[in-house]
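# The following block contains a protein sequence and its predicted model.
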Amino acid sequence: MFSPGPSNQPLPFTLNSVSSVLSPNMSPAAPNTRSKRRQNTKPKHPAAKKVKKFVRKPLSFKFRAGKLQYAAIFEPPKHDFSPDPHHSILDYFTDFFSNDIFELIVEQTNLYSVQTDSRSINITNDDVKDFIAITLIMGVVKMPSYRDYWSRFLRYPAVADIMPLKKYEKIRKYLHFADNSNINDDRYYKVRPIIEKIRLNCLKMKEEQRYSVDEMMVPYKGTRAGSRRQYLPKKPKNWGMKLFVRAGVSGLVYDFIPYGGEDTFRNHSFTEYEESLGLGAKVVLALCKTIEDKPAVVYFDNFFTSLELIHHLRQEYGIFSLGTIKSNRLRGCQNKLLADKVLAKKGRGASSQIVCNDTKLAVVRWYDNKPVTLASSFVDSHPMGKIQRYSKDTESRVEVNCPQIVKQYNAHMGGVDLADMLIALYRSNFKTKRWYMTMFSQSLDICVNNAWLLHRRDHADPKDRLPLKKFRIQIVSELLHKNRTRVTVSQENDPPKKIITPAAPRPTDAVRYDNNGHLPMFVSYGRCKYCKNGYTNITCSKCILRLCLVSKRNCFYNYHVK
């Protein structure tokens, strides 16, 4: 089906012969000062090898006015989405964030603590589950700093009671996902093991029939990500790492690739022709090669679309596609479409269509507020539909002609944006300078949202469905308690434990010394908050603190006077 890629031929010369020609007086055994300096200044992470560029071989397109003869109509796939009665909320989550991921985190975190401080912190699977539970709660209940959840004034028991702050900070400090002693030229080597495990788990889902391919930003404004950090001005979050994602219309994420420049496709292979199609086309091909159930339809925007890509997907992979396309990628056929000015004169709803039945392609230009051009391998303008648009002239909504290709694109293109929106609702933001922690939190949120969407798909009855927030909290509850004995159950003859009440908050100095409204009140006896050994039944009505007020110890006066 595919032409084989270029083979690795042996070099006709050796490296020693090259070095002798370039510098006959230098030998590897006795490097000079300059070569030593170059060795010392070698980058810690070697740059990825440059991808060989190929010249594109353009197809011969013969476009003319008419209808697409090879249009396709799809029936929805017949899948049994009946729920497993024994599948709990946590099981949906661990379908994606599986137990081997917990074991990986435990192993690599303990290893990193030994590599750093020569001493293991000895965390367990339960500790990682507690840490993940805290992270999910922090996505729902947000505070300016993670320490606020344990602070005296803002203490949040749902987090603070899971583990002490010091233990949380220790896990957070050493959290790792890869062995630092095995560094390679992969720009995402710190999170590659966990990303690949989650990807493989996502690919196990029962597939939909229609997908969208788009970019997803992982918000990050730190300076330690290097070239991984991108700036996309048109995205809601301008700065961050970029993921290329294939998602279903429902918002389920099936596959994703982190963008790493020339290193993006290190785990993917392409034919020589596919290499020549450019970055956008290679992204679509890499994400679509993992589709099992065919025929399938893929939608993408003009960053990815080219006529060669749309033809290649149908011809070689049996995948139909549709996307908006830039005029400079139309290979000359833009001259056969009505010009933008002509469509503008005809008014909203005007369209122009050309087809190439030899390559099974249709190109449609439609004018709404401005012209847009779309290309497809399975649908064209027909049947023409109607949509509602607001008219400034009549100050009311009017019907406008809308080609079928536009309606198909608008109905099915938003899967990645939907997934991105769901993640943004309760984002697990670590607020850290370490870029790989941000990538980990994004992967965690993808698992949570996929689990929630699968749960909704399996439970058609609205009564059985849970809102995303409640579903997230349910995952936390089961992480903390399912198959675990968090608290030792007391025996009947054990003495009851004394309840230790938290310390009373102290007033600020501005309140303490304002000489306004500080009146003594009688309460039950307790320890004085000013002297060491005093007990009193007098409290300040404003500060709410017990203070001695007797002839020999006037702590009440001394406390309120500088």
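Received it, and whenever you're ready, just let me know what you need.

# So what sits opposite Y367 in the bridge?
Beta-bridge pairing of Y367 under DSSP bridges involves P371.

# any idea how far it lies from C540?
Here the criterion is CB to CB, to the nearest Å. By it, Y367 lies 75 Å from C540. C-betas here are computed from N, CA, C, even on glycine.

# With K341 instead?
Using CB to CB, one gets 80 Å for the distance from K341 to C540.

# Looking at those two, which one has more neighbours?
Set side by side, K341 and C540 give different neighbour counts by other CB atoms under 10 Å, the larger being at C540 (21 against 8).

# and the more buried one, what does it touch?
518-521, 547, 556, 559-560 (CB atoms under 8 Å, 6 or more residues apart in numbering).

# hmm, 7 Å instead?
Residues in contact with C540, defined by CB atoms under 7 Å, 6 or more residues apart in numbering, are 518, 520, 547, 556.

# Could you count how many residues lie near the last one?
F556 has 24 neighbours, counted by other CB under 10 Å.

# now the first one
Close neighbours of H518, defined as other CB under 10 Å, add up to 19.

# residues in contact with it?
For H518, the contact set (CB under 7 Å, 6+ apart) comprises 540, 542-543, 560.

# Let's see that with 10 Å instead.
Contact partners of H518, counting by CB atoms under 10 Å, 6 or more residues apart in numbering, are 507, 511-512, 540-543, 547, 556-557, 559-560.

# What's the PyMOL line that selects buried ones from those?
Selection of buried members from the contacts of H518 for PyMOL, criterion 16 or more other CB atoms under 10 Å:
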select buried, resi 507+512+540+542+543+547+556+559+560
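
# Would you mind putting the contacts of H518 into TSV with distance to G534, secondary structure and pLDDT alongside?
TSV is the format used below for the contacts of H518 (distance: CB to CB, whole Å; DSSP: H, G, I helix; E, B strand; the rest coil; pLDDT from 0 to 100):
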residue	distance to G534	secondary structure	pLDDT
P507	19	coil	88
V511	22	helix	90
R512	18	helix	92
C540	14	strand	94
S541	19	coil	92
K542	20	coil	92
C543	16	coil	92
L547	9	coil	96
F556	11	helix	96
Y557	14	helix	94
Y559	12	helix	94
H560	16	helix	94
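
# how about I544, phi and psi?
Main-chain torsions, I544, degrees, to the nearest 10: phi 50, psi 50.

# Just the pLDDT for it.
I544 carries a pLDDT value of 91.

# And it, how far from D380?
Distance from I544 to D380, by CB to CB: 76 Å.

# Neighbour count: the two, which is higher?
Taking neighbours as other CB under 10 Å, I544 and D380 compare with D380 leading, 23 against 14.

# which residues touch that one?
The neighbourhood of D380, defined by CB under 10 Å, 6+ apart, consists of 66-71, 353-355, 361-364, 374, 403-405.

# residues of the helix or strand that contains R472 that come out buried?
In this structure, R472 sits in helix 468-481 according to DSSP states H and E. When burial is assessed from 16+ other CB under 10 Å, helix 468-481 yields the following buried residues: 468, 471-476, 478-480.

# Report the two of those separated the most.
Greatest spacing in the buried residues of helix 468-481, by CB to CB: L468 and L480 (19.1 Å).

# just to revisit the earlier point, can you redo the buried residues of helix 468-481 as TSV, where the extra columns are distance to P462 and pLDDT?
Formatted as TSV, these follow (distance: CB to CB, whole Å; pLDDT from 0 to 100):
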residue	distance to P462	pLDDT
L468	14	96
F471	14	96
R472	19	96
I473	19	95
Q474	17	94
I475	20	96
V476	23	95
E478	22	93
L479	26	94
L480	28	92
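
# if I pick the most centrally placed residue in the chain, what's in contact with it?
The centre of the chain sits closest to Q442, judged by CA atoms, centre = their mean, with a distance of 3.6 Å. Residues in contact with Q442, defined by CB under 10 Å, 6+ apart, are 191, 195, 216-220, 240-241, 243, 256, 258, 423, 427-429.

# now it, what's its secondary structure?
Assigned by DSSP: H, G, I helix; E, B strand; the rest coil, the conformation of Q442 is helix.

# Report the contact partners of F430.
Going by CB under 10 Å, 6+ apart, F430 touches 135, 138, 146, 172, 175, 437-438, 440-441, 444.

# same check, this time on A281
With contact taken as CB under 10 Å, 6+ apart, A281 is in contact with 56, 270, 274-275, 300, 304-306, 308-310, 312-313.

# Buried subset of the residues you listed, written for ChimeraX?
Selection of buried members from these for ChimeraX, criterion 16+ other CB under 10 Å:
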select :270,274,275,300,304,305,306,308,309,310,312,313
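
# pLDDT, distance to D293 and secondary structure for the contacts of A281 - can I get that in CSV?
Converted to CSV, the contacts of A281 look like this (pLDDT from 0 to 100; distance: CB to CB, whole Å; DSSP: H, G, I helix; E, B strand; the rest coil):
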residue, pLDDT, distance to D293, secondary structure
R56, 53, 31, coil
F270, 93, 23, coil
E274, 93, 22, helix
E275, 92, 27, helix
F300, 97, 19, strand
F304, 96, 22, coil
T305, 95, 23, coil
S306, 95, 25, coil
E308, 94, 25, helix
L309, 96, 21, helix
I310, 96, 20, helix
H312, 95, 20, helix
L313, 95, 15, helix
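
# Helices along the stretch 351-500 of the chain, start to end?
Applying DSSP state H, counting those that start in this stretch to the stretch 351-500 of the chain gives helices spanning 404-412, 415-425, 435-458, 468-481.

# who does the second one touch, helix- and strand-wise?
Packing contacts for helix 415-425, counted by 3 or more CB pairs under 10 Å, 6 or more residues apart in numbering; DSSP states H and E, involve helix 125-140, strand 210-219, strand 239-248, strand 253-258, strand 296-300, helix 435-458, helix 468-481.
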